[in-house]
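S.K.: missing the sequence, but the structure's below:
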């Protein structure tokens, strides 16, 4: 059987995560995730034997991204001047949120681009990915963050390693981080930095 | 001095590309690019000694992306069912265009993601990048393209290598490509496949 592992003491999710009921060949193949009035039956992936997690994909889904942006809007401090996010899937969420705010956003890249001059280079410590990724921010982009009230935006926060690295990039660029937002929190245990999320994604385990 | 190299016989640009006038320390540092009522003074980068090109960055600029999406809308065939684009910068353009159309879009990745199953793998021959990139499309995403009237979306087309690779991914997924769209055409010479663009970006050369 499958069970849902939930961290103790976690606040009730504002996103309804229903029981997994999509069964194919005796195994769950999808998991229902809801934001606002939109539900998506997302694939389950198995990062470790016996452990499955829902795969949320914001890329390609305008409705879902807009619903998440609408819901995150309430958590954006009034003094916010700019958003900062990283490749790839959170980009569309930052874009939609920036559109609602009428503010710019900046995308930290995960690969060096040929045009970059004197970039800020920041390693990500990520348990999820297993290997250290590297964030790259062109100096011309970094200059736009100087002294700005900045909101960090991600899609799914697991260990918080990417969010922490994003925060370090922001600080090194002279920005003031005023909030850290993500659509979902995945897994239990503390994150490396506090993050405001809309809801939780379960970790499903065989018993 | 700098001059603007334009391919012969090219139709007049629908985007006003003014003379480069931003001079700093005797060298042009930015170049003005206009879409609709929005002008951006973008950095000039030097991919080869003596050759400079404007660096268009759609990421982070909601207004400019929306203006491009509005203008590209007229070139989307009525029978279109889905959009296909690739990482990273064209994603926001495809997203905005998909929002206007009320259609889904799919993003071909440039790196293998851990969740991918039986992906379509397609090499890109690109003169601009100098090295062959590789496109990756998860099979679950590819299945959504089967039999669908598909529009390919990019931001800047140079040799057309990425657009051609995107077309091959679409065909291998069983899609029917009904249009190829991009915001800008950069450089002279034929593209590997015909692409509808909003305007031209110059190649600036020392003489």
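M.R.: Structure received. Quick caveat: nothing in here was measured; it's all calculated off a predicted structure.
S.K.: What are the boundaries of the helices in chain A?
M.R.: A:62-72, A:90-101, A:139-142, A:161-172 (DSSP state H).
S.K.: want to throw the ones you listed into TSV with mean neighbour count and mean pLDDT?
M.R.: The way it works is simple: take the backbone N, C-alpha and C, and place the C-beta from them, glycine included. What follows is these, written out as TSV (neighbours: other CB atoms under 10 Å in any protein chain shown; pLDDT from 0 to 100):
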stretch	mean neighbour count	mean pLDDT
helix A:62-72	21	98
helix A:90-101	24	98
helix A:139-142	17	94
helix A:161-172	22	97
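S.K.: Output these in a markdown table; the columns should cover distance to chain B.
M.R.: Shown next, in a markdown table, are the helices of chain A (distance: least, CB to the nearest CB, whole Å):
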| stretch | distance to chain B |
| --- | --- |
| helix A:62-72 | 5 |
| helix A:90-101 | 5 |
| helix A:139-142 | 6 |
| helix A:161-172 | 14 |
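S.K.: tell me the domain ranges of chain A?
M.R.: Using automatic domain parsing, the domain parsing of chain A gives A:2-56, A:62-200.
S.K.: which one of those is the most hemmed in?
M.R.: When these are scored by mean count of other CB atoms under 10 Å in any protein chain shown, the highest mean neighbour count falls to domain A:62-200 (a mean of 19).
S.K.: need the contact list for residue A:37.
M.R.: Shown in contact with residue A:37 (CB atoms under 8 Å, 6 or more residues apart in numbering or on different chains): residue A:67.
S.K.: now the closest residue to residue A:146 other than its chain neighbours: how far from residue A:135?
M.R.: The spatially closest residue to residue A:146, leaving aside those adjacent along the chain, is residue A:174, at 4.1 Å (CB to CB, 6 or more residues apart in numbering or on different chains). In this view, residue A:174 and residue A:135 are 16 Å apart by CB to CB, to the nearest Å.
S.K.: How about residue A:156?
M.R.: Distance from residue A:156 to residue A:135, by CB to CB: 17 Å.
S.K.: Then residue A:200?
M.R.: The value you get for residue A:200 to residue A:135, if CB to CB is used, is 26 Å.
S.K.: pLDDT score assigned to residue A:130?
M.R.: On the pLDDT scale, residue A:130 is placed at 61.
S.K.: Quick check: residues of chain A near chain B?
M.R.: When proximity is defined by CB under 8 Å from any CB of the partner chain, chain A lies next to chain B at A:43, A:45, A:47, A:55, A:59-62, A:65-66, A:87-88, A:91-92, A:95, A:98-99, A:104-107, A:109, A:114-115, A:129, A:140-141.
S.K.: For the residue nearest the centre of chain A, which non-adjacent residue is closest in space?
M.R.: The residue lying closest to the centre of chain A (CA atoms, centre = their mean) is residue A:155, at 2.3 Å. Of all residues not flanking residue A:155 in the chain, residue A:90 sits nearest, at 4.4 Å (CB to CB, 6+ apart).
S.K.: Sweet, I'm off.
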